[in-house]
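> sequence isn't available, so here's the structure alone:
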Ligand SMILES: NC(=O)C1=CN([C@@H]2O[C@H](COP(=O)(O)OP(=O)(O)OC[C@H]3O[C@@H](n4cnc5c(N)ncnc54)[C@H](O)[C@@H]3O)[C@@H](O)[C@H]2O)C=CC1
Ligand SMILES: CC(C)CC(=O)C(=O)O
Ligand SMILES: [Mg+2]
């Protein structure tokens with residue numbers, strides 16, 4: 001609505017490719033302003049390795065304060081090259097910054113959609129017979145509990161270590177209820193992924209799911225072990241509609257699911273807060289990491305972050321038409337053959353777009 005309140009967005013680009021993808025998402029939201037007249041105010045703050053370098057902390061208080069004073073967070077990614085985790089700048093950057101933000105804002109429900117665009121089916125390593133059945137999965141991942149948030153310790157001699165996984169009924173109910181509600185709006189098919197043959201926490205997940213199932217009799221509920229699920233999501237993905245699972249299993253399963261569309265660079269996410277009312281602050285981020293191998297080279301695919309911005313319009317501001325405007329423009333550019341390097345799928349001789357060329361093409365394709 002022209003003239004309506006300004007939406008204050010905290011932008012936390014982070015490390016590696018984070019600044020490049022955040023800038024491109026902001027460009028796209030600028031086009032939304034041009035087309036629909038909404039007013040967005042972007043304020044940047046440091047997080048991750050860059051924040052450690054500049055302020056001595058991976059998640060400075062000023063960054064948290066900016067987020068508290070915003071209505072949504074656009075987050076890039078944090079962390080250094082995987083072989084440099086011991087360097088102070090990178091040590092625990094993800095744990096402190098990303099997990100810290102998730103906890104601080106109660107971002108208990110992480111939505112990770114994975115669909116296959118028919119015109120990118122050549123990218124998918126799956127056979128046509130599998131892709132043609134239609135792939136449209138939403139992974140609902142619990143995001144503020146479980147093993148990533150349990151106690152971690154390493155013995156003094158460095159020869160043993162412990163990570164604790166614990167879940168309470170309430171921590172499980174929130175994502176599972178969200179998953180049932182999502183299934184009701186989709187194909188009414190819910191898969192609960194766990195490791196209930198071994199883990200007590202997984203048995204609790206099953207109990208919660210069975211209890212909630214009574215309130216959603218139209219939803220078909222299946223249970224699947226995580227090891228099988230990682231295989232099934234690649235072997236027969238069309239069997240899935242909504243998948244709900246714990247923090248670590250969801251992390252692993254969603255990277256596996258990125259094989260379906262063909263690149264991590266196509267996978268957006270929304271991390272939804274359970275705080276209700278005016279203080280609700282959701283966070284939007286791609287599922288990929290900082291891609292140190294291509295950072296700073298204008299090679300990164302910005303689509304995951306641009307689609308995360310579309311999710312922001314949908315979930316934080318209830319702007320469905322505007323979210324679809326972005327999604328349709330992305331589909332059009334891809335259908336017309338627009339490709340960043342990660343989308344070439346080994347096709348020789350095909351030229352690729354830079355990150356800025358891709359976002360410019362998406363902006364040019366956006367229409368009301
Ligand atoms: N949400 C976050 O902030 C996350 C941070 N990380 C951190 O990122 C760093 C690198 O982790 P990796 O395991 O290498 O995972 P990664 O996701 O950064 O990269 C894996 C591979 O995918 C490619 N890739 C990822 N996103 C791409 C995009 N948008 N366009 C084109 N290619 C893309 C990269 O170039 C790389 O070859 C680590 O420090 C890790 O802890 C990892 C995952 C999530
Ligand atoms: C720090 C990690 C848990 C981040 C990650 O891999 C993710 O959220 O997908
Ligand atoms: Mg991950």
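Nice, I can see it. Because the structure is predicted, anything quoted here is derived from the model rather than measured. Numbers count the residues shown, from 1 in each chain. Ligands and ions are numbered 1, 2, ... in the order given.

> for the stretch 1-150 of the chain, which segments are assigned as helices?
The residue ranges that make up the helices of the stretch 1-150 of the chain, judged by DSSP state H, counting those that start in this stretch, are 18-36, 49-55, 61-68, 93, 99-104, 128-131.

> for residue 247, find the nearest of these.
Of all the helices of the stretch 1-150 of the chain, helix 99-104 sits nearest to residue 247, with 9.3 Å by Cβ to Cβ. (Glycine included, C-beta is placed from N, CA and C.)

> packing partners for that closest one?
Judged by 3 or more Cβ pairs under 8 Å, 6 or more residues apart in numbering; DSSP states H and E, the packing partners of helix 99-104 are helix 61-68.

> who's in contact with the closest residue to residue 155 other than its chain neighbours?
Once flanking residues are discounted, residue 155 sits nearest to residue 161: 6.9 Å by Cβ to Cβ, 6 or more residues apart in numbering. By Cβ atoms under 8 Å, 6 or more residues apart in numbering, the contact set of residue 161 is 152, 153, 154, 155.

> what's the helix or strand for the closest residue to ligand 2 within the stretch 201-350 of the chain?
Closest residue of the stretch 201-350 of the chain to ligand 2, Cβ to the nearest ligand atom: residue 251 (4.6 Å). For residue 251, the host element (DSSP states H and E) is helix 247-257.

> circling back to that earlier point, the residue of the stretch 201-350 of the chain closest to ligand 2: neighbour count?
Each residue near residue 251 was counted by other Cβ atoms under 10 Å, and the total is 19.

> cool, and residue 359?
A count of nearby residues for residue 359, using other Cβ under 10 Å, gives 27.

> what do you get for the one 3 residues further on?
For residue 362, the number of neighbouring residues by other Cβ under 10 Å comes to 26.

> any idea how far it lies from residue 24?
Applying Cβ to Cβ, to the nearest Å, one obtains 8 Å for the distance of residue 362 from residue 24.

> could you do residue 14 as well?
14 Å.

> more neighbours: these two, which one.
residue 14 (29 against 24).

> from what I see, the more buried one and residue 101 are in contact.
No. Counting by Cβ atoms under 8 Å, residue 14 stays clear of residue 101, with 10.3 Å between them.

> give me the common contacts of these two.
With Cβ under 8 Å, 6+ apart as the test, residue 14 and residue 101 both reach 47, 75.

> can you get me a residue count around whichever residue of the chain sits closest to ligand 2?
Here the residue of the chain nearest ligand 2 is residue 94; by Cβ to the nearest ligand atom that distance is 3.4 Å. Applying other Cβ under 10 Å, we find 22 residues neighbouring residue 94.

> OK, contacts around it?
48, 78, 79 are the contacts of residue 94 under Cβ under 8 Å, 6+ apart.

> what residues does the stretch 51-200 of the chain put near ligand 1?
For the stretch 51-200 of the chain, the residues in contact with ligand 1 (Cβ under 6 Å from any ligand atom) are 77, 78, 79, 80, 82, 94, 98.

> which residue is the nearest non-sequential neighbour of the second one?
It stands for residue 78. residue 48 (2.9 Å).

> likewise the last one?
For residue 98, ignoring the flanking residues on the chain, the nearest one in space by Cβ to Cβ, 6+ apart is residue 78 at 5.7 Å.
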